[in-house]
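Q: make a model of this:
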Amino acid sequence: FVNFLKNPQQYQDLGAKIPKGAVLSGPPGTGKTLLAKATAGEADVPFIAVNGSEFLEMFVGVGPARVRDMFAMARKNAPCILFIDEIDAVGRKRGGGNFGGQSEQ
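A: Numbers count the residues shown, from 1 in each chain. This is a model prediction of the structure:
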(Lines give C-alpha, C1' and ligand atoms only; values in the text may rest on other atoms or scores of the structure.)
Protein backbone atom coordinates (compact mmCIF):
# COMPACT_ATOMS: atom_id res chain seq x y z
CA PHE A 1 0.00 0.00 0.00
CA VAL A 2 2.86 2.36 0.68
CA ASN A 3 4.09 1.99 -2.89
CA PHE A 4 0.54 2.48 -4.24
CA LEU A 5 0.31 5.76 -2.33
CA LYS A 6 3.80 6.96 -3.27
CA ASN A 7 3.85 5.93 -6.95
CA PRO A 8 0.29 5.54 -8.26
CA GLN A 9 1.33 6.42 -11.81
CA GLN A 10 3.64 3.42 -11.96
CA TYR A 11 0.64 1.11 -11.44
CA GLN A 12 -1.71 3.08 -13.67
CA ASP A 13 0.80 2.81 -16.52
CA LEU A 14 0.68 -0.97 -16.12
CA GLY A 15 -3.13 -0.89 -16.26
CA ALA A 16 -3.59 -1.87 -12.62
CA LYS A 17 -6.56 -0.63 -10.65
CA ILE A 18 -5.45 1.31 -7.58
CA PRO A 19 -7.25 0.12 -4.43
CA LYS A 20 -9.57 2.68 -2.83
CA GLY A 21 -9.30 1.12 0.60
CA ALA A 22 -8.64 -1.86 2.79
CA VAL A 23 -10.32 -3.44 5.79
CA LEU A 24 -8.17 -4.30 8.78
CA SER A 25 -9.99 -6.67 11.11
CA GLY A 26 -8.95 -8.45 14.25
CA PRO A 27 -9.33 -8.45 18.00
CA PRO A 28 -8.55 -5.31 20.00
CA GLY A 29 -4.90 -4.64 20.69
CA THR A 30 -3.44 -6.33 17.62
CA GLY A 31 -2.02 -3.16 16.08
CA LYS A 32 -4.52 -2.16 13.39
CA THR A 33 -4.27 1.53 14.24
CA LEU A 34 -0.50 1.35 14.54
CA LEU A 35 -0.25 -0.34 11.14
CA ALA A 36 -2.44 2.33 9.52
CA LYS A 37 -0.43 5.16 11.13
CA ALA A 38 2.86 3.57 10.10
CA THR A 39 1.63 3.14 6.52
CA ALA A 40 0.62 6.81 6.37
CA GLY A 41 3.97 7.85 7.81
CA GLU A 42 5.97 5.72 5.37
CA ALA A 43 3.93 6.96 2.40
CA ASP A 44 4.12 10.56 3.68
CA VAL A 45 0.35 11.07 3.39
CA PRO A 46 -2.10 12.57 5.91
CA PHE A 47 -3.63 10.22 8.50
CA ILE A 48 -7.25 11.01 9.42
CA ALA A 49 -8.63 9.00 12.35
CA VAL A 50 -12.26 8.93 13.46
CA ASN A 51 -14.26 6.66 15.73
CA GLY A 52 -17.39 4.91 14.48
CA SER A 53 -19.30 5.97 17.59
CA GLU A 54 -18.97 9.61 16.45
CA PHE A 55 -21.58 8.88 13.79
CA LEU A 56 -24.25 7.79 16.27
CA GLU A 57 -26.31 10.82 17.17
CA MET A 58 -29.57 11.45 18.92
CA PHE A 59 -30.72 13.93 16.26
CA VAL A 60 -31.67 12.77 12.77
CA GLY A 61 -29.26 13.84 10.05
CA VAL A 62 -26.29 14.79 12.24
CA GLY A 63 -24.52 11.42 11.87
CA PRO A 64 -24.86 11.27 8.07
CA ALA A 65 -23.68 14.89 7.82
CA ARG A 66 -20.54 13.96 9.77
CA VAL A 67 -19.90 11.07 7.39
CA ARG A 68 -20.24 13.38 4.37
CA ASP A 69 -17.92 15.96 5.97
CA MET A 70 -15.36 13.28 6.81
CA PHE A 71 -15.23 11.95 3.25
CA ALA A 72 -15.12 15.50 1.83
CA MET A 73 -12.09 16.19 4.04
CA ALA A 74 -10.46 12.94 2.88
CA ARG A 75 -11.06 13.84 -0.79
CA LYS A 76 -9.55 17.28 -0.19
CA ASN A 77 -6.43 15.70 1.37
CA ALA A 78 -6.12 12.83 -1.13
CA PRO A 79 -4.11 10.75 -1.20
CA CYS A 80 -4.54 10.05 2.51
CA ILE A 81 -5.42 7.30 4.94
CA LEU A 82 -8.84 7.57 6.53
CA PHE A 83 -8.99 5.24 9.55
CA ILE A 84 -12.45 4.55 11.00
CA ASP A 85 -12.04 2.76 14.31
CA GLU A 86 -14.88 0.72 15.82
CA ILE A 87 -17.02 0.93 12.67
CA ASP A 88 -19.03 -2.01 14.02
CA ALA A 89 -20.61 0.41 16.53
CA VAL A 90 -22.58 1.93 13.65
CA GLY A 91 -23.93 -1.43 12.48
CA ARG A 92 -24.84 -2.52 16.01
CA LYS A 93 -26.84 0.64 16.62
CA ARG A 94 -28.57 0.65 13.22
CA GLY A 95 -29.21 -3.10 13.16
CA GLY A 96 -31.05 -2.67 16.38
CA GLY A 97 -32.41 -6.12 16.98
CA ASN A 98 -35.70 -4.51 17.98
CA PHE A 99 -37.79 -7.29 16.51
CA GLY A 100 -37.93 -9.47 19.63
CA GLY A 101 -36.27 -12.82 20.11
CA GLN A 102 -32.82 -13.48 21.48
CA SER A 103 -29.98 -10.98 21.28
CA GLU A 104 -26.38 -12.09 21.10
CA GLN A 105 -25.13 -9.09 23.04
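Q: now the strands for the chain?
A: Counting by DSSP state E, the segments of the chain that form strands are 47-51, 81-85.
Q: between those strands, which one is closest to Val23.
A: Across the strands of the chain, Val23 has its closest neighbour in strand 81-85 (9.9 Å, C-beta to C-beta). In short, each C-beta sits where N, CA and C put it, glycine included.
Q: can you name the residues in contact with that closest one?
A: 5, 21, 32-33, 36-37, 39-40, 43, 45-52, 70-71, 74 (C-beta atoms under 8 Å, 6 or more residues apart in numbering).
Q: let's see that with 6 Å instead.
A: Applying C-beta atoms under 6 Å, 6 or more residues apart in numbering, the contact partners of strand 81-85 are Ala36, Ala40, Phe47, Ile48, Ala49, Val50, Asn51, Gly52, Ala74.
Q: least confident of those residues?
A: Across the set of the contacts of strand 81-85, Gly52 stands lowest in pLDDT, at 83.
Q: quick check: that residue vs Ala36, distance?
A: Applying C-beta to C-beta, to the nearest Å, the value for Gly52 to Ala36 is 14 Å.
Q: then Phe71?
A: From Phe71 to Ala36 the distance is 17 Å (C-beta to C-beta).
Q: how many neighbours does the residue nearest to Glu42 when sequence neighbours are not counted have?
A: Spatial nearest neighbour of Glu42, excluding adjacent residues (C-beta to C-beta, 6 or more residues apart in numbering): Val2 at 4.7 Å. Other residues near Val2 come to 14 when the count uses other C-beta atoms under 10 Å.
Q: again with the one 10 residues further on
A: Counted with other C-beta under 10 Å, the burial measure for Gln12 works out to 11 neighbours.
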